[in-house]
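# Need coordinates for the following:
(chains A and B)
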Amino acid sequence: MLSFLSNTLKTFRHGIHPGDYKDLTRNLSIERLPFSEELTIPLSQHLGAPSKCIVKVGDEVKRGQIIAKPSGFVSIGQHAPMSGTVKSIEMRHHPNGKMVESVIIKKDLFSPQTFYNEHAMDWENLSADELISLIQHGGFVGLGGAAFPTHVKLKTPEGKNARFLIVNGVECEPYLTSDHRVMLEQSEDIFLGIRILLKILGAEKFYIGIENNKQDAIDFLGENIPEDMNGEVVALQTKYPQGAEKMLIEAVLKREVPSGKLPIDVEVVVQNSGTIAGIGMMFRFGQPLIERVVTITGPGIENPANLLVPIGTPLTDVLEHCGGLKENTRQVLFGGPMMGAPQSDLDVPILKGTSGILCLTDEEVTIKEEFPCIRCLRCVDACPVYLNPSRLGALAKTREYEGMLDFHIMDCVECGSCSYVCPSNIPLVQRFRVSKALLREQQAKQKKAG
Amino acid sequence: MKTAPKLLLTSSPFLKQQEDTPAVMRQVIYALIPALIAAIYFFGISALLVIVASVFGAVGTEWVFNISTKKKFNSLKDYTALLTGILLAMTLPPGIPLWMAFLGGVVAIALGKLIFGGTGSNIFNPALVGRAFLQSSFPVAITTWSPYADFNSFMMFRGNTFTIPFVKANTDAVTAATPLAQMKFDGKLTETQNLFFGSSAGSLGETTALLLLLGGVYLTVRNYINWRIPTGIFIAVFLFASGLQLIDAEKFASPMFHLFSGGLMLGAIFMATDPVSSPITHKGCWIFGLGIGFLVVLIRTFGGLPEGVMYAILLMNSVTPLLNSVTQPRIYGAAK
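Numbering: from 1, shown residues only, chains lettered A, B, ... in the order given. Purely as a prediction, here's the structure:
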């Protein structure tokens, strides 16, 4: 309760302090993973409509060549991450647990895998709309994990004004260090990306929000902001879930995004630092989003690493490159420990939104006994959107889903802070996810009926 | 890959704070230990036996309930019954017949907790339900106080420890009035210093404000109790008592006397803060604490009994559900 005395850095209210497990990889430079024999490119690895495939089986593709087009505004283009042949187009396992139509590319054994490219792009003479379209066709999604198409957030709606760009370098998920390494190793791309986004948005200032467990990145980027740019690095107190857009905006600008509204409603656009580096890179070399930095970490992997991985690389190849899983590994997650998704099948591909692979052993995976709720208030103090998880949990348990609406269940950001702090080990956020899904289904039905 | 491991599918988050509910309850018990030791020091073996009897009553009842309902979940594991037993004992006079202390423990768990559905579902503080039952059933025994003594008389029984159930209690025990009773009935005030260090007559947990405060500071720093509740109580007691003193300093006791006498410290730090029966919003906790403080002084000053902490807490417990529903905090992003 007295933490406000010792820490004067900016942050948002509430939230939690999970342990820091970033030492496993924070000092490991990004290393390129060799190309796999075969890549699996799901046509849907983003929120929104799946991309539309424009190649057929047997086609030869070059690294960086477009293989699928956006099928609407909330959709993106996709490219071949390596040169080879389209082996098949079929349903494959997706890390979200579903089967998704995917393009399978077999490696051209004799290709040097150099990038198929024309030139750097002359962004200064392009209009905002042209730049947005390039980013959409370049296949950019938020690389922080949610994989929301980047260009959609850049299109400012009529009557709204984007005054500030916030670069999300928070990386609040314990264990993950991919954004950290990108900020240290790709600052040139980041600053170019920021320039382009500022031009698109017509924004006046940018902020780079970084938690103080990455002091080297704070210092490095802070010292290297080009003189002609109006921006600053904001050091933030380390706290989860500060990487959530709304929490980050509150931490940096003390502005609150109204319930049900978007950051643009408070004149802000937030983009992940890795995404911005990718955009900078595209405009420097013409390379679309065909690879990304992934942190492979956790007690269950032999050699943790920060790897530059071609999109579509099978998880097994990535794990093998890192020395394989330890014998007592019990869970393999896509993403961090707070919001990541566990995998049952190690043949799934790395996606654009895959920020990390976390391997947990028997020791970390202990299923804890649930005790009754004693209303200790810890979840109330942890919830970053000020809900009452204790009350919501009780309603969810007795399946009073309608009543949960009165307690604003739909504002839950599913960050898991409540489950983390609950001393009674009640699976709060897990219940809320189910409740929200059921309520959405119900609402959809009612809409249909009425 | 050597061998594909057998992967477990659960839902995020995969990190969990280590401390569970039993650990929290244990910490509260640890915070009570200094005051418990002081009680035994001042009141000797009688105090120890009262604690044992009360704990037996409380834990035994929970145990019998677990066995008879064949529940999968063993509710003894969460330590709440043990804590209730200890807290009840601390509200009892050291000379109370042991069978009453035992019965109080039984009632505390059975009527204070189990009939509501067990831990987490009770509306009232179970220990205080047990104490209220004893107060209404055996008003004499529960207001027969023995004087404090030093450690030399440790083995001396205080009064009616071993009376047989429902037989008239012995009356030849040495008795003494508590500071609150002296104030109420004789208009005599005890030195704040004696209240603070524990050399006065009273219930087991009434005598040592200092040790209870230390426990409270520990629990607050470690975030086991909501500091708003005791703070609210102290503020309300202080302000109300000060106001009364301004009106008539002869007739009304000083705020310091109210703060350090009777069960106020024990109640404010260890009973009003019971998470289950206190509000779940910060604003609610403030109102809850202020309400208790106000009622304590009101009952002590104008009521028929010298002490009012128990009724003040129980009354505010009954307001908790209302406080919860009217003090829901504004959610993030909602209009201010």
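
# Where does pLDDT dip in the chain?
Answering for chain A, as no chain was given. A:1-7, A:116-119, A:450 (pLDDT under 70).

# actually chain B
Checking chain B against pLDDT under 70 turns up B:1-5, B:72-73, B:149-160, B:164, B:166-175, B:198-199, B:336.

# For the stretch 201-336 of chain B, which residues are neighbours of chain A?
By CB under 8 Å from any CB of the partner chain, the residues of the stretch 201-336 of chain B that approach chain A are B:220-221, B:223, B:226-227, B:275-276, B:278, B:280-282, B:324, B:328-335. Quick note: C-beta positions are derived from backbone N, CA and C, even for glycine.

# Any idea how many residues pack against residue A:122?
Using other CB atoms under 10 Å in any protein chain shown, residue A:122 is surrounded by 8 other residues.

# Pull out the buried residues from stretch A:291-306.
Within stretch A:291-306, the residues that qualify as buried are A:291-301, A:304-306, counting by 16 or more other CB atoms under 10 Å in any protein chain shown.

# Helices along the stretch 101-250 of chain B, start to end?
Taking DSSP state H, counting those that start in this stretch, the helices of the stretch 101-250 of chain B run over residues B:126-137, B:179-181, B:192-197, B:209-221, B:228-247.

# I'd like these as CSV, with mean neighbour count appended.
Below are those laid out as CSV (neighbours: other CB atoms under 10 Å in any protein chain shown):
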stretch, mean neighbour count
helix B:126-137, 24
helix B:179-181, 24
helix B:192-197, 17
helix B:209-221, 19
helix B:228-247, 19
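
# Output these in JSON lines, with distance to residue A:282 appended to each entry.
Shown next, in JSON lines, are the helices of the stretch 101-250 of chain B (distance: least, CB to CB, whole Å):
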{"stretch": "helix B:126-137", "distance to residue A:282": "65"}
{"stretch": "helix B:179-181", "distance to residue A:282": "78"}
{"stretch": "helix B:192-197", "distance to residue A:282": "72"}
{"stretch": "helix B:209-221", "distance to residue A:282": "52"}
{"stretch": "helix B:228-247", "distance to residue A:282": "53"}
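
# Farthest-apart pair in the buried residues of stretch A:291-306, please.
Maximum pairwise distance among the buried residues of stretch A:291-306 (CB to CB): 26.7 Å, between A:291 and A:299.

# Tell me how far residue B:83 lies from chain A.
The spacing between residue B:83 and chain A, counted by CB to the nearest CB, to the nearest Å, is 11 Å.

# likewise residue B:243?
Distance from residue B:243 to chain A, by CB to the nearest CB: 30 Å.

# Please report how far that residue lies from residue A:264.
53 Å (CB to CB, to the nearest Å).

# OK, contacts around residue A:172?
Contacts for residue A:172 (CB atoms under 8 Å, 6 or more residues apart in numbering or on different chains) come out as A:211, A:238-243.

# repeat that for 7 Å
Listed by CB atoms under 7 Å, 6 or more residues apart in numbering or on different chains, the contact partners of residue A:172 are A:211, A:239-243.

# And for residue A:307?
Neighbours of residue A:307 in contact, by CB under 7 Å, 6+ apart: A:31, A:33, A:294, A:296, A:318.

# out of these, which are inside strands?
Counted as lying in strands by DSSP state E, out of the contacts of residue A:307, are A:31, A:294, A:296.

# tell me the SS of the spatially closest residue to the second one that is not a sequence neighbour?
Translated: residue A:294. Nearest non-adjacent residue to residue A:294, counting by CB to CB, 6 or more residues apart in numbering or on different chains: residue A:309, 4.8 Å away. When classified by DSSP: H, G, I helix; E, B strand; the rest coil, residue A:309 comes out as strand.

# Can you give me the neighbour number for residue A:309?
25.

# where do the strands sit along the stretch 351-450 of chain A?
Taking DSSP state E, counting those that start in this stretch as the test, the strands found in the stretch 351-450 of chain A are A:356-361.
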